[in-house]
Each structure stands twice: as structure tokens, then as C-alpha cells.
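>>> the following comprises the amino acid sequence and a computationally predicted model.
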Amino acid sequence: MRILLVSQMYPSAAAPSLGTFVAALERELEARGHELARAVVDRRDARWRHLGLARDVVRTASRFCPDVVYAHFLVPAGLLGVLAGRAPAVVTAHGQDVENARRSALVRAATRLAVRRAEGVVAVSDWLRRRLEEVVPDARGRTAVIDCGVDVGRFSPGDQTDARREVAWAPDGTGFLCVGSLSERKNVVRLARAFRRHGEGSLLFVGEGPLREVLTGMPGVEVRKPVQHSRVPDYLRAADVVCQPSLVEPFGLAALEGLACARSVVATSVGGPPEFVTPGSGVLVDPEDEEAIAAALGEAAALPRPNLEARAAAEPYDVRLKAAQIEALLERAAGAADATAAPRSDS
């Protein structure tokens, strides 16, 4: 198939952590023999980025003549894909796009149009599917749950001593790690306070965001800038426990990557993580309960190291399996359009 990939998040040298899950699925679809062209936004601070995306969708679709459009995020990328992609489209909800539709009547109308015009709709967790169907009833019965998966080949167990040497991290006691944006939604300040309440080990944040200055200088806490996604597995292997107690996680990729590296996790109970954090692989926690987070850090630290239950929990989410599911959905979308366009037989 000729697949036009449309996304408002895509990694680049300037923004290495932006939409890495999109690029991973793109690579797997190419490995399965498909030809892809992309119209994407690969910078966080690009002015008029959505207008630029609209222009790129039109130009790329005209040049590339896709069989199907594969769009990530419902609005604007999904809407642009269904309106200007010149082919049937499959649109993917990731979380914030659904919340935007819940809060804004204008975005809700645009989201409904994207869903109605799409040949297929995807949500990255069953939790998100339910929220999408609440705000856009047209999605009911048409939304497939397919997460973005994890590359279990790259994110795999490894020697912790080598990993700590590679990332230059020598934690005092248990090494707790949080990878992601330093924002209110990621609940990083409450995590840091819970860590101090727990009272043992070292906590490393790897990311950027508005709460960096609040975290910097807290006892036992280290803050580093974001790293290329290719370096994230080393950080995960260097850790004992991977933490993602966000206020909400529509899926929870960082926690899944931690599991794939055989590291126990502390993950939020709100959103997608309860769908893949199994008993023995980590601890689910109420993200607004600081005392519960502190207790969860202790529980997770007491689990085996490396944690083979964690690795087993991640293996069904291999990105190659997810790419095969997406491939089938894209083929159905393209086939449905061909069937509609085919002339009827007179026999």
C-alpha cells in the first residue's frame, strides 16, 4: 500500500521525544513492505504549525497519490487527513485530542466530522475508546483499540551496571526514574514529595517542562534534559523502578517501556496502564494520593530485580504485533473504498 502518514507530532533533532510512537509504527509498516510518505509537525514551537500541516497534507497527497491515509490525533491531523488526503482515512485518538473535544464545542464539531468521514477509527486504550464514544457517539461500534506498542527488541532487559555507566548515574540505594514532560499532568511534584516521604534511594527525572525549577534542588532528586529516544532504554535499565503516576495517562508508553526492560513500575490507575500493568509487574496508584504513591514506591522497590513478570506483561504489546493490526485496518479501509468505487456488474 501507499500510505500517507499525517501527524501533528513527529520526532526530530530539535524535538527528539515528540511523537516517537508515530515514528516507530511508521518504521514497522515500512518493514512490512509498504511505501509511506509523511506530512507531519516535528517541532514543538513552530509558528502556524497547523496551517503548515494543512499545506503539507495537500501537497503530499497530490504528489504521492496514497491508497490510504493514516492520521494520528483526531484534530487537526485527522480532520486534515479525511478532508485533504485524497484517499480513505484511518484516524487515531491519543488522548488530549479527545479531552479538547470534551471542552470545546468547536473542537467537538471538528472531531465529529473527522470521525464521520474516516473509514476507520482507532483509540490507543479501551479507557480512551469509552471517553471518545461519550463525546462523539458516531464512534460507537466503529472504534478499534490498538495501542502504539513498544519495541521489545530495543527495550529489553540488560546489565544494570553497564547501563548506569553508560548514562553516568550512580543512585544512592534504589534508583527511581521518571521519563517524560515535567508538567502538572505528569504529577511530577507530587511524585517528588512522595519520594521524600518514602525516604530511601534516588529519584531521577529525564525531561523538560514548566516544573523543572520546582524539582531542581530537591533533596535526593536529580533533573536532566530530554535525551534521544534511542538512549531511553539505557536509562530504564539503569533504574530499579520506573515511575509514571500521572494524573491521567490515555495509554502510558513510558510505563510499558519500563516493563519491557524488566523494570517494576509505579503507574497511575487513571487511564490506560491498568490494561497492561499486571499483578507482580508493578503497582497501580491513585495519582492524587501522595501517601499512596510513597507506599507504592516501597512496594515496587521490593519486587524482583530484574522483574521477569514485568517483561512478560510487555511482550503482548510488541510494536510488530500492533503494526500488523494497523496494517489490517488500513487494508480494509483501502479495500472498502475500492469496492465502493468499482462499477457494478450487469449480470
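Nice, I can see it. Numbering: from 1, shown residues only.
>>> test my guess that residue 265 contacts residue 277.
Yes - assessed by Cβ atoms under 8 Å, residue 265 is found in contact with residue 277 at 6.2 Å. Quick note: C-beta positions are derived from backbone N, CA and C, even for glycine.
>>> what do the two both touch?
255, 259, 283 (Cβ atoms under 8 Å, 6 or more residues apart in numbering).
>>> closest to residue 313 among those residues?
For the shared contacts of residue 265 and residue 277, the residue nearest residue 313 by Cβ to Cβ is residue 259; the value is 5.2 Å.
>>> where exactly do the helices run in the stretch 101-250 of the chain?
Remark: helices assigned in the stretch 101-250 of the chain by DSSP state H, counting those that start in this stretch are 105-117, 126-135, 160-167, 188-198, 212-215, 232-238.
>>> any chance you could read off phi and psi for residue 279?
Residue 279 adopts backbone torsions of phi -60, psi 130, taken as degrees, to the nearest 10.
>>> ranking the helices of the stretch 101-250 of the chain by burial, who's on top?
Of all the helices of the stretch 101-250 of the chain, helix 232-238 has the most neighbours on average by mean count of other Cβ atoms under 10 Å, namely a mean of 24.
>>> distance from it to the middle of the chain?
18 Å (Cα atoms, centre = their mean, to the nearest Å).
>>> show me what that helix is packed against.
With contacts taken as 3 or more Cβ pairs under 8 Å, 6 or more residues apart in numbering; DSSP states H and E, helix 232-238 sits against helix 160-167, strand 175-179, strand 202-206, helix 253-260.
>>> returning to that earlier point: distance to residue 78 and neighbour count for the shared contacts of residue 265 and residue 277 - can I get that in TSV?
Listed next are the shared contacts of residue 265 and residue 277 as TSV, based on distance: Cβ to Cβ, whole Å; neighbours: other Cβ atoms under 10 Å:
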residue	distance to residue 78	neighbour count
255	26	32
259	29	33
283	35	26
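>>> show me the contact partners of the helix or strand containing residue 60.
Per DSSP states H and E, residue 60 falls inside helix 49-64. Residues outside helix 49-64 that contact it (Cβ under 8 Å, 6+ apart): 2, 4, 6, 8, 37-41, 43, 46, 69, 76-77, 80-81, 84-87.
>>> go ahead and flag the most central residue of this protein.
residue 253 (4.9 Å; Cα atoms, centre = their mean).
>>> picking that back up, as CSV, the helices of the stretch 101-250 of the chain with mean pLDDT and distance to residue 335 would be great.
Shown next, in CSV, are the helices of the stretch 101-250 of the chain (pLDDT from 0 to 100; distance: least, Cβ to Cβ, whole Å):
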stretch, mean pLDDT, distance to residue 335
helix 105-117, 97, 18
helix 126-135, 98, 23
helix 160-167, 98, 45
helix 188-198, 97, 45
helix 212-215, 96, 48
helix 232-238, 98, 37
